[in-house]
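>>> Build me a model:
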Amino acid sequence: MALALSVAKEFVRLSLSGEEADPLSRLRLEKLLYYAQAWSLVIRQSELFADDVEAWRLGPVVPAVNDLLPDVSICDDEFSDAPDLGGDEADFVGPVWDAYKRHSATRLAEMTSEESPWRDAWANGEGKEPISVIELEEYFAKQEMPAPLAAYAHERRRREEEAIRILADVPPLDVGRLTSASKSFTPSVNVQRSGGG
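From the prediction side, this is the model:
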């Protein structure tokens, strides 16, 4: 599982790469983290990061990231101390960015405030209540998946099916033969003496 700071770092990198840089604001980044966590629960069947997503007045916020950010546009060195995102997590964040990059911070805040995971957490208290990952998964599992995420999910399923086919061709383990071999195996002792006086 990745750190929310590493996911934020990857979103900043993606926003500043490409033909036209599209710097992120604090508000916009927070909503992207929310959508990344939600779709990870649905597609990857696991949390993308362990940090809480909380219901704040202007929508979902990840305090572990929010507390480090300036109010202005986020620079590429804001998360320089955070580990780079790698492997499957990095492959996943790209399609989340592609799905939501066209939306402004204001539009993302409007979208999240219309969704029941934020509304329910906000209604339960006076704000800053954690948004349930169970509710996130249940809600987003019923939503239409954005095209970039659907393509990612399709490719992920294809790779999983291919791995299952490969594993099906592996002969079963012969436990009796393995046990017999382990009892008769005698490791060779190859001791080298170091010279010295």
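
>>> where exactly do the helices run in this protein?
4-16, 26-39, 63-66, 87-100, 105-113, 116-123, 133-141, 147-168, 175-184 (DSSP state H).

>>> Redo those helices as CSV? Include mean pLDDT and distance to E54.
(Each C-beta comes from the backbone N, C-alpha and C, glycine too.) Putting those into CSV (pLDDT from 0 to 100; distance: least, Cβ to Cβ, whole Å) gives the following:
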stretch, mean pLDDT, distance to E54
helix 4-16, 93, 12
helix 26-39, 96, 10
helix 63-66, 92, 6
helix 87-100, 95, 19
helix 105-113, 95, 12
helix 116-123, 92, 7
helix 133-141, 97, 12
helix 147-168, 91, 23
helix 175-184, 76, 50
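
>>> Out of these, the one nearest D77 is which?
helix 4-16 (9.1 Å; Cβ to Cβ).

>>> Which parts of that closest one count as buried, going by neighbours?
Residues of helix 4-16 classed as buried by neighbour count (16 or more other Cβ atoms under 10 Å): 4-16.

>>> mind putting those in a markdown table, distance to S40 included?
Output for those, formatted as a markdown table (distance: Cβ to Cβ, whole Å):
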| residue | distance to S40 |
| --- | --- |
| A4 | 12 |
| L5 | 16 |
| S6 | 13 |
| V7 | 9 |
| A8 | 14 |
| K9 | 16 |
| E10 | 13 |
| F11 | 13 |
| V12 | 18 |
| R13 | 18 |
| L14 | 16 |
| S15 | 19 |
| L16 | 23 |
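
>>> which one of these sits closest to G86?
Distances from G86 to the buried residues of helix 4-16, taken by Cβ to Cβ, are shortest for S6, at 8.6 Å.

>>> if I look at the nearest residue in space to that closest one that is not next to it in sequence, how far off is S25?
Closest residue to S6 apart from its sequence neighbours, by Cβ to Cβ, 6 or more residues apart in numbering: L85 at 4.5 Å. In this view, L85 and S25 are 20 Å apart by Cβ to Cβ, to the nearest Å.

>>> Please say which of those two ends up with more neighbours.
Neighbour count, other Cβ atoms under 10 Å: between L85 and S25, L85 has more, with 23 against 18.

>>> tell me the contacts of the more buried one?
Contacts here follow Cβ atoms under 8 Å, 6 or more residues apart in numbering; on that basis L85 touches 2, 6-7, 9-10, 93.

>>> Can you check the pLDDT for it?
With respect to pLDDT, L85 has a value of 92.

>>> Quick check: phi and psi on it?
Here is the backbone geometry of L85 (degrees, to the nearest 10): phi -80, psi 140.
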